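A.B. asks: below: sequence and its predicted model.
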Amino acid sequence: MRILVVAPDEDDETLAIGGTIAGMVSEGHHVTVALMTGYSGARPTPVLLPEAFLKVRPEFRPAREVLGVEDVIMRRAPWFPDRRQRS
């Protein structure tokens with residue numbers, strides 16, 4: 001079975017359902033994690049403070065390796081404003 005886990009940003013999937021993800025992978029399921037606010041080009045997420053983003057982003061790769069997640073989708077959620085735009 002192919003399973004998609006959608007998380008607001010890095011570490012939310014691990015903290016919320018990390019054990020479930022690891023269990024699904026160990027049962028042979030293919031798990032993809034979609035991070036919705038952790039990427040917006042070269043800039044950090046509009047939700048996390050830059051210091052938090054720089055700490056959490058490098059932690060994501062080892063965490064997904066432990067969980068057995070091979071595929072990741074990183075996108076900025078369209079409903080979060082881009083701070084570069086002016087109203």
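C.D. replies: Okay, I see it. The structure presented is a predicted model; accordingly, all values stated were derived computationally and were not measured. Residues are numbered from 1 along each chain as shown.
A.B. asks: give the buried residues for the lowest-mean-pLDDT helix or strand in the chain.
C.D. replies: One helix or strand of the chain scores below all others by mean pLDDT, DSSP states H and E: helix 50-67, with a mean of 79. Neighbour counts over helix 50-67 (16 or more other Cβ atoms under 10 Å) mark 53, 56, 57, 60, 63, 64, 67 as buried. Just so you know, the C-beta spots here come from the backbone N, C-alpha and C atoms, and that holds for glycine as well.
A.B. asks: tell me the two of these that are most distant?
C.D. replies: Spanning the widest gap among the buried residues of helix 50-67 are 53 and 67, at 20.6 Å by Cβ to Cβ.
A.B. asks: my read: residue 18 touches residue 69, true?
C.D. replies: No - contact between residue 18 and residue 69 fails when scored by Cβ atoms under 8 Å: they sit 9.9 Å apart.
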